[in-house]
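Chemist: when you get a sec, could you give me coordinates for this:
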Amino acid sequence: MTSCDAKIIELWVEKYPNPRTRWCYRYDSEWLLNYAKKPLSCVTLADLQSFAQFLAGSGLAPISRARSLAAVKSLFGFCLRTRYIRINPAAELALQ
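Modeler: Below is the predicted model of the structure:
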């Protein structure tokens, strides 16, 4: 994870008042970046779909997978709104 990615993730999670939510969303974003092995600005929809398939095969409950993918979608939406990225690859990502 780049230092810029770490900073934007911290800005994003700070908006959530619940410490558990912040921890989970930070974990989900780090899990994605470790899986993709590239910075946020280089992640594609194909990377996100592959990550979703990885989660499906990981044994996580469907509700946990949906939460993780919702967190990823929220992160990329935040990155787009703050102009950290120019295109939101998660816009078409299904939560299934």
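Chemist: residue contacts, Phe54?
Modeler: Residues near Phe54 by Cβ atoms under 8 Å, 6 or more residues apart in numbering: Tyr35. To be clear about C-beta, it is placed using only N, CA and C from the backbone, and glycine gets the same treatment.
Chemist: then Ser41?
Modeler: Counted by Cβ under 8 Å, 6+ apart, Ser41 has contacts Tyr84, Ile85.
Chemist: change the start of the numbering to 174 and stick with it
Modeler: New numbering, starting at 174: the last item is Ser214.
Chemist: which stretch of helix or strand covers the nearest residue to Arg240 once chain neighbours are set aside?
Modeler: Leaving aside its sequence neighbours, Arg240 sits nearest to Cys197 (Cβ to Cβ, 6 or more residues apart in numbering; 7.1 Å). With secondary structure defined by DSSP states H and E, Cys197 is part of helix 192-209.
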